[in-house]
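**Student:** Attaching a predicted model along with its sequence, questions to come.
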Amino acid sequence: MQIFHSIQGLRQSLLQLRRQGKRIGFVPTMGNLHDAHIELVKRAQQTNDIVVCSIFVNGLQFGLNEDWDKYPRTFEDDCAKLRAVGCDFLFHPDDNEMYPNGLDTQTRVICPTMTDVLCGASRPGHFEGVTTVVTKLFNIVQPEEAVFGIKDFQQLAVIRRMVEDLCMPVEITAAPIHREADGLAMSSRNGYLTAEERPRCNQLNRSLSWVVTQIEAGNRDFPALEAEAKSQIEQAGFKVDYVTVCNSKTLELAAEDDQQITVLGAMYTSHARLIDNISLT
C-alpha cells in the first residue's frame with residue numbers, strides 16, 4: 001500500500017494509472033477503522049482496479065461543542081488493517097493540505113435540501129462540512145466510484161443529491177450496515193460507550209426494528225409509532241435525539257402511501273451520540 005500525504009503526489013500516481021485504463025474506486029473515512037470500514041474497501045475492490053482510502057478527521061464538519069479534538073486517531077492500526085485487506089493507496093493529508101487558506105475562508109459546498117432535519121437539526125453546519133470535504137476529495141481522487149455506508153443514511157442521501165446537482169461523474173455505491181452480534185451498528189464512537197451501558201445500546205436498533213415490524217403489519221400511524229419507539233429508548237436509560245419515519249429519497253416525513261420508507265433514529269449515551277436506520281419497501 002502506498003501512502004500519500006500530499007495532493008500532488010496522489011494525483012500524479014493516479015494519473016498514470018488512469019492513463020493505463022485503470023478504474024479507480026474510493027472510500028473516504030475519518031480513520032479509527034473497524035470491520036465496517038474494511039467491508040467498504042472490499043466492496044470497492046469488487047468493481048475497481050485500484051482502491052484509494054482516505055483518512056482525514058475533517059474539522060469543518062464538527063460543531064463547537066463536539067469531539068473533534070478527542071476523536072480517536074489510530075493511524076498505525078488503520079494502516080495495518082488496510083494493508084491486510086489489500087488496499088492500494090492511502091491518502092492521509094493534514095489540515096494545511098486540505099484547507100491551505102484556513103477553515104474560516106474555505107469555499108463551501110451547500111446542499112440546501114435534506115440538511116436541516118434529523119442529524120442536521122442537532123448538528124448545525126455538519127453537512128456543509130461533509131459536502132465541502134467530499135467535494136474536495138472527489139476533485140483530488142477523481143474516482144469512478146465512491147463507496148459509503150448506509151449507517152449514515154442522511155449523509156448518503158445528501159451526497160447523492162450533491163453529485164446529481166453538480167453533475168459529478170462519480171457513481172455512489174451504498175454498502176449495508178455492518179453490525180455487532182447484538183445488532184448495534186458498528187461505529188468509531190462505540191469506543192466511547194461505558195461497560196455499564198454497552199449491553200443496553202442495542203435498544204436503538206431494537207426500537208427501529210419494532211417500528212418496521214409494525215409498518216409491515218399494516219400500521220401506518222407513523223407519529224404514534226415514533227412516540228412509542230422514543231419511549232422504549234428512554235425506558236432503557238438513554239436520551240432520544242429523534243426517531244422519524246421518512247421518505248427514503250427525500251427524507252421528508254413519510255406519507256401513508258409512500259412505498260420507499262426509512263426509519264431513522266439517534267440517541268445519546270453518556271459520552272456518545274449513536275445513529276441507526278432501517279429501510280423497507
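**Tutor:** Looks like it came in fine. Numbering: from 1, shown residues only.
**Student:** Please count neighbours and contacts with C-alpha atoms only from this point.
**Tutor:** Will do.
**Student:** Longest helix in the chain, please.
**Tutor:** helix 126-141 (DSSP state H).
**Student:** What residues sit buried inside it?
**Tutor:** By neighbour count on 16 or more other C-alpha atoms under 10 Å, the buried set for helix 126-141 is 126-135, 137-138, 140-141.
**Student:** now those in TSV, with distance to Phe148 and pLDDT?
**Tutor:** Listed next are the buried residues of helix 126-141 as TSV, based on distance: C-alpha to C-alpha, whole Å; pLDDT from 0 to 100:
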residue	distance to Phe148	pLDDT
His126	17	95
Phe127	15	96
Glu128	17	97
Gly129	16	97
Val130	13	98
Thr131	13	98
Thr132	16	98
Val133	14	98
Val134	11	98
Thr135	14	98
Leu137	13	98
Phe138	13	98
Ile140	17	98
Val141	15	98
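**Student:** List just the nearest of those to Leu15.
**Tutor:** Proximity to Leu15 was ranked across the buried residues of helix 126-141 by C-alpha to C-alpha; first place goes to Val141, at 9.4 Å.
**Student:** any idea how far that closest one is from Asn48?
**Tutor:** Val141 sits 14 Å away from Asn48, going by C-alpha to C-alpha, to the nearest Å.
**Student:** And for Ser13?
**Tutor:** Ser13 is 16 Å from Asn48, by C-alpha to C-alpha.
**Student:** neighbours around Val163, how many?
**Tutor:** Using other C-alpha atoms under 10 Å, Val163 is surrounded by 17 other residues.
**Student:** helix/strand/coil for it?
**Tutor:** Under DSSP: H, G, I helix; E, B strand; the rest coil, Val163 falls in the helix class.
**Student:** OK, contacts around it?
**Tutor:** Pro169, Val170 (C-alpha atoms under 8 Å, 6 or more residues apart in numbering).
**Student:** from the buried residues of helix 126-141, which is closest to Thr115?
**Tutor:** When the buried residues of helix 126-141 are ranked by distance to Thr115 (C-alpha to C-alpha), Phe127 comes first, at 6.1 Å.
**Student:** I'd guessed the closest one sits against Gln61; true?
**Tutor:** Yes. Taking C-alpha atoms under 8 Å as the contact criterion, Phe127 and Gln61 are neighbours in contact, 6.6 Å apart.
**Student:** related to what we said a few turns ago, what is the longest helix of the chain packed up against?
**Tutor:** In terms of contacts (3 or more C-alpha pairs under 8 Å, 6 or more residues apart in numbering; DSSP states H and E), helix 126-141 is packed against helix 7-19, strand 24-29, helix 153-165.
**Student:** and the angle for the first one with helix 126-141?
**Tutor:** The one in question is helix 7-19. Inter-element angle recorded for helix 7-19 and helix 126-141: 60 degrees (by axes from the mean of the first three to the mean of the last three C-alpha atoms, to 10 degrees).
**Student:** For the spatially most central residue of the chain, give me its contacts.
**Tutor:** By C-alpha atoms, centre = their mean, the chain has its centre lying nearest to Asp152, at 3.8 Å. The contact partners of Asp152, by C-alpha under 8 Å, 6+ apart, come to Ile275, Asp276.
**Student:** Would you verify that Tyr242 is located in a helix?
**Tutor:** No. Using three-state DSSP, the secondary structure at Tyr242 is strand, not a helix.
**Student:** what's the distance between it and Leu204?
**Tutor:** Taking C-alpha to C-alpha, one finds Tyr242 at 10 Å from Leu204.
**Student:** between the two, who's got more neighbours?
**Tutor:** The residue with more neighbours, out of Tyr242 and Leu204, is Leu204; 30 against 20, by other C-alpha under 10 Å.
**Student:** isn't that one right next to Met267, touching?
**Tutor:** Yes. Using C-alpha under 8 Å, Leu204 is in contact with Met267, at 7.2 Å.
**Student:** tell me, what's touching those two both at once?
**Tutor:** In contact with both Leu204 and Met267: Ile233, Ile275, using C-alpha under 8 Å, 6+ apart.
**Student:** Quick check: buried residues in stretch 240-257?
**Tutor:** Val240, Asp241, Tyr242, Val243, Thr244, Val245, Cys246, Asn247, Ser248, Leu251, Leu253, Ala254.
**Student:** in the sheet, who's paired with the fifth one?
**Tutor:** Here Thr244 sits in beta bridges with Leu264, going by DSSP bridges.
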